[in-house]
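> Pasted the sequence and its predicted model underneath.
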Amino acid sequence: MKRLSIRRLGRGRYLLAALAGLLLAAAFPTFNLAGFAWVAPGLMLAAAAGRPGGPAFRLGYVAGLVDSLASLHWLLFIPFPLGAAAGWLALSAYLALYPGVWVWCCWHLYPHPGATVDLTTEDSLAGVEPARSIMALGWSRRVLWAALCAATWVALEMAVGRFLTGFPWNFLGVSQYLVLPLIQLASVTGVYGVSFLVVWVSVAAGCAVAAAVGRPASRWDWVGELAVPLLVTFAVVWFGLDRLARTAPSGRTLRIALVQPSIPQTLIWDEKENATRFRQILQLSEQALATRPDLLVWPEAALPEFSEDNFRALTNLVAAHRAWMVFGADDAEPSPRKAGGDLELFYNAAFLLDPTGHLAAVYHKQRLVIFGEYVPLARQLPFLKSFTPIQGEFAEGNGPVQFRLTRPEAQCSVLICFEDTFAVLAREAAAPGTDFLLNLTNDGWFGESAEQWQHAVNAAFRAVETGRPLVRCTNNGLSCWIDACGRLHGIYFPGDRNIYRPGVKTARIPLRGRAERGGLTFYGRHGDWFGWGCVGWVAVTCAARFPLRKTLGNSPSRTLE
C-alpha cells in the first residue's frame, strides 16, 4: 500500500510540475492571465520539495518543457514543416533546461540541500513533512532564501538572453505588461527587476503555505513570510504611479504612416510574385501618403528587390509627397575577404530616404536569427541546411545608426525583426538625442498566431527601459506604437479587430523637447546592473556552498551565506 502511495506521489509531483508550466504559458499572450505568473515559480519548487538533486532538475525540466511547447507553438506555423517541427521541439527542449537548473539550484542553495523527505511516512504523503522542513529555518533565512531563488531566476534569464546569440523571449516580467505601475520598475532595473519581484513573491507565498501546513496552531505565521516582498511590491507600485503621473508628452509630435502589406511568407519566397507584391505595397503607400504624414514606414524586407526601376519608383513616391521614408530591404557590400571567400556580404537592412528621394542613412541588422538568416556550422555540417528554406546567409551589422530627419526635426534608431527583444541593443540605440525607436519586422513567418502579440509585448519593455516611444511597422501584425510607459497604441485598424490584415495605420508620436533629448533613464545610464548583481550574488553563494558541503556533509547546522 505504501509503495502504491509513493508511486502516486511521484506522479503527482510531475503533474504539479506540468501544471506550473501550463500556468506560465497562460500568463502570456494571448491568454494574458498575468496572475498565474505569481503562482507558477512557487508551484515548481513545491513539486520538488524534499527531493533535491536529479529529481528536482527533472521536475523543473518538465515544467519548462510544458511551458515552452505551449507558449512557442506558433513555430509550427512556419511554412516549412520539417524545420518548423524540428525548431519547435529543439528550442523547447533547450529552453526547458533553465527551469530545470533553477529548481535544482534553489533546493541546492536551501540551507539543508542534502536533506530528503522520507516518502514512507503519512505526513510526507500529506505534504506536512516538507512543510515542517522549510519551517525549521529561522524567518530571516527563509526570506533570504526566497530572495535568492528570485535572483537565481534572473541570473538564468541573463544567460538565456545571451548564450548562443540569445533568445530573450517571454521573460517572466513581460507577463505583467498590462500592470503599468509595476512595470515602470524596468526603467531602473530592466525587465529583470520585474521578474525578480514576481518570483520573490511566488516563492514567499509557497513558504506561507508551508507555514500554514507545518504550523497549523500558529494562525498568523504565514503573514510574516509575505511581509517583506509585499512591502517591496507596494513601494514599486507607488514608484510606478508617480512615474506614470510625471511622464507627460511634450507639445511637438511627428506624424507617421505605417504600411502593413500582410504578404504571406510563401509569396515572399516566390520571386515570381515580386512585381505583384511591389504594386500592392505602392497602392497602400498612396493611401498612407494621402494622410500627409511626415514619415512613411515600410516593414522589414518589404522591397522585393533593389532594382533600378523599384528604387526610381520609391524616389518618385517620396518626392511627389515631400515625405521622409524608411523601408526594409536586403543590402550588399563588397566582401573584404580574399580568394576563397564570398565576393559580397549581404545584410538585412533599413534605409532612410529624404523628401527629395536621396538616400540619407542605412542600418544593417546586428543580431541574426539562427536558421532564419544564417545556418551555424553550415560548411562543416551541410545537412543542417535541410532544416531551413533560406539559400544564402546574412552578415551582421556593426552597430546602431541614427536616422536624422529635418523639417520636422527628429531622430530615431532602427531595430530590425526580433532585435527589439534585446534590451542591450535597444539601450545602445537610444543614445542621447534619440526621440524614438523604430522596429521593422516580418512576423509573417508565423501566420496569424500568438507570436505577433508576444513580440509586441516583449518590445513594450524596451520603451519603458529606455524612456523612448517605440514604433513598430510589421508585415502582418502587430503594427502599433508604444509610449515611454509601455502602453500600446493603435493596436487595431479603425472599426476592425483583425490585427493581421493589410492596411495603413497612422500615429502621432510625441517628440522630446530640446532640454529632454539628452535625458536617459537610470537603466539607460547603467544598463543591466541589477541583472549582473543577481548573477554575482548567485555565483558567490554557490561558490560558498560547495566547500561547505564538502566540509559539513549533510549537517543541519549549515547556514545560508
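Cool, the structure landed.
> Next up, the contacts around the nearest residue to Ala332 once chain neighbours are set aside.
With Cβ to Cβ, 6 or more residues apart in numbering as the criterion, Ala332 has its nearest non-adjacent residue at 4.7 Å, and that residue is Glu344. For glycine as for every other residue, the C-beta is placed from the backbone atoms N, C-alpha and C. Applying Cβ atoms under 8 Å, 6 or more residues apart in numbering, we find Glu344 in contact with Ala332, Glu333, Pro334, Ser335.
> per-residue confidence at the last one?
What that stands for is Ser335. At Ser335, the model reports a pLDDT of 73.
> So which of the contacts of Glu344 belong to strands?
Ala332, Glu333, Pro334 (DSSP state E).
> Let me have those residues in a markdown table, adding neighbour count as columns.
Below are these laid out as a markdown table (neighbours: other Cβ atoms under 10 Å):
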| residue | neighbour count |
| --- | --- |
| Ala332 | 13 |
| Glu333 | 13 |
| Pro334 | 9 |
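> Nearest to Lys505 among these?
Set against Lys505, the nearest of the ones in strands among the contacts of Glu344 by Cβ to Cβ is Ala332 (31.0 Å).
> So that closest one sits against Asn348, correct?
No. Counting by Cβ atoms under 8 Å, Ala332 sits too far from Asn348 to count as a contact (11.3 Å).
> any idea how far the residue nearest to Ala332 lies from Leu303?
Look at Glu344 and Leu303: by Cβ to Cβ, to the nearest Å, they are 18 Å apart.
> swap in Ser413?
20 Å.
> and if you look at Gly87?
From Gly87 to Leu303 the distance is 27 Å (Cβ to Cβ).
> Val424 now?
When Cβ to Cβ is the yardstick, Val424 and Leu303 sit 28 Å from each other.
> Settle it for me: which of these two has more neighbours?
Set Val424 next to Leu303 and count neighbours by other Cβ atoms under 10 Å: Leu303 wins out with 21 against 15.
> Do I have it right that that one meets Leu317?
No. If you go by Cβ under 8 Å, Leu303 and Leu317 don't touch, sitting 11.8 Å apart.
> Surely Leu438 is in a strand?
Yes. According to DSSP: H, G, I helix; E, B strand; the rest coil, Leu438 belongs to a strand.
> Show me what the helix or strand hosting Ala543 is packed against.
Following DSSP states H and E, one finds Ala543 within helix 529-552. With contacts taken as 3 or more Cβ pairs under 8 Å, 6 or more residues apart in numbering; DSSP states H and E, helix 529-552 sits against helix 97-109, helix 139-160, helix 186-189, helix 191-214.
> and that helix, which residues are buried?
Within helix 529-552, the residues that qualify as buried are Phe530, Gly531, Gly533, Cys534, Val535, Trp537, Val538, Thr541, Arg545, Leu548, counting by 16 or more other Cβ atoms under 10 Å.
> From those, pick the one nearest Asn170.
The closest of the buried residues of helix 529-552, once distances to Asn170 are taken by Cβ to Cβ, is Gly531, at 16.3 Å.
> Spit out the contact partners of that closest one.
Taking Cβ under 8 Å, 6+ apart, we find Gly531 in contact with Val154, Ala155, Glu157, Met158, Thr189, Gly190, Tyr192.
> From Ala47, how far off is it?
According to Cβ to Cβ, Gly531 stands 26 Å off from Ala47.
> cool, and Thr421?
From Thr421 over to Ala47 the distance is 29 Å, taken as Cβ to Cβ.
> picking that back up, need the helices and strands packed on helix 529-552 in a markdown table (columns: mean pLDDT and mean neighbour count).
Shown next, in a markdown table, are the helices and strands packed on helix 529-552 (pLDDT from 0 to 100; neighbours: other Cβ atoms under 10 Å):
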| stretch | mean pLDDT | mean neighbour count |
| --- | --- | --- |
| helix 97-109 | 95 | 23 |
| helix 139-160 | 94 | 22 |
| helix 186-189 | 98 | 25 |
| helix 191-214 | 91 | 24 |
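> which residue ranges form the helices in the stretch 351-500 of the chain?
In the stretch 351-500 of the chain, helices defined by DSSP state H, counting those that start in this stretch lie at 423-429, 451-466, listed in chain order.
> highest average neighbour count across those?
Comparing these by mean neighbour count (mean count of other Cβ atoms under 10 Å), helix 451-466 ranks first with a mean of 25.
> what does the helix or strand hosting Leu69 rub up against?
When elements are assigned from DSSP H and E, Leu69 belongs to helix 54-71. With Cβ under 8 Å, 6+ apart as the test, helix 54-71 has contacts from 13-14, 17-18, 20-22, 24-26, 28, 40, 44, 47-48, 51, 88, 91-93, 95-104, 106-108, 170, 450, 454.
> next one: stretch 233-245
Leu180, Pro181, Leu182, Ile183, Gln184, Leu185, Ser187, Leu197, Val201, Cys485.
> Okay, strands next: where are they in this structure?
Along the chain, the segments classed as strands by DSSP E run 253-260, 295-297, 324-334, 344-353, 359-364, 402-405, 410-416, 436-441, 470-474, 480-482, 488-489, 503-510.
> Including distance to Ile281, could these go into TSV?
Formatted as TSV, the strands of the chain follow (distance: least, Cβ to Cβ, whole Å):
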stretch	distance to Ile281
strand 253-260	6
strand 295-297	11
strand 324-334	9
strand 344-353	14
strand 359-364	19
strand 402-405	20
strand 410-416	17
strand 436-441	13
strand 470-474	12
strand 480-482	19
strand 488-489	23
strand 503-510	11
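> I'd like to know which of those strands is closest to Val375.
strand 344-353 (13.8 Å).
> which residues does Pro304 contact?
Pro304 sits next to Glu271, Glu273, Asn274, Ala275, Arg277, Phe278, Asn310 when contact means Cβ under 8 Å, 6+ apart.
> so how far is the helix holding Leu69 off the chain centroid?
Centre-to-centre, helix 54-71 and its host chain are 19 Å apart (Cα atoms, centre = their mean, to the nearest Å).
> how about it as CSV, C-alpha atoms only?
The C-alpha trace of helix 54-71 is given here as CSV (Å, rounded to 0.1, in the frame of the first residue of the first chain):
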residue,chain,number,x,y,z
GLY,A,54,18.4,15.0,-10.0
PRO,A,55,14.7,14.7,-9.2
ALA,A,56,14.5,18.4,-8.7
PHE,A,57,16.1,19.1,-12.1
ARG,A,58,13.8,16.7,-13.8
LEU,A,59,10.7,18.2,-12.3
GLY,A,60,11.8,21.7,-13.2
TYR,A,61,12.6,20.5,-16.7
VAL,A,62,9.1,19.1,-17.1
ALA,A,63,7.6,22.4,-16.1
GLY,A,64,9.9,24.3,-18.5
LEU,A,65,9.2,21.9,-21.4
VAL,A,66,5.4,22.2,-21.0
ASP,A,67,5.7,26.0,-20.8
SER,A,68,7.9,26.2,-23.9
LEU,A,69,5.9,23.8,-26.0
ALA,A,70,2.7,25.6,-25.2
SER,A,71,3.9,29.2,-25.5
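> hang on, Phe418 packs against Val369?
Yes. Between Phe418 and Val369 there is a contact under Cβ under 8 Å: 6.7 Å.
> Which one of those two is surrounded by more residues?
Between Phe418 and Val369, counted using other Cβ under 10 Å, Phe418 has the larger neighbour count: 23 against 18.
> tell me the pLDDT at the residue nearest to Ala332?
Looking at Glu344, its pLDDT is 78.
> ditto for the one 3 residues further on
On pLDDT, Tyr347 comes in at 92.
> Tell me the bridge partners for the closest residue to it other than its chain neighbours.
Closest residue to Tyr347 apart from its sequence neighbours, by Cβ to Cβ, 6+ apart: His364 at 4.0 Å. Using DSSP bridges, the bridge partners assigned to His364 are Ala349.
> His364: what's it in contact with?
For His364, the contact set (Cβ under 8 Å, 6+ apart) comprises Asp331, Tyr347, Asn348, Ala349, Ala395, Glu396, Gly397, Asn398, Val401.
> And the nearest residue to the third one once chain neighbours are set aside, how close does it get to Ala96?
Okay, so that is Asn348. In space, and not counting its chain neighbours, Asn348 is closest to Lys365: 4.1 Å by Cβ to Cβ, 6+ apart. Distance, Lys365 to Ala96, using Cβ to Cβ: 28 Å.
> Many thanks, we can stop here.
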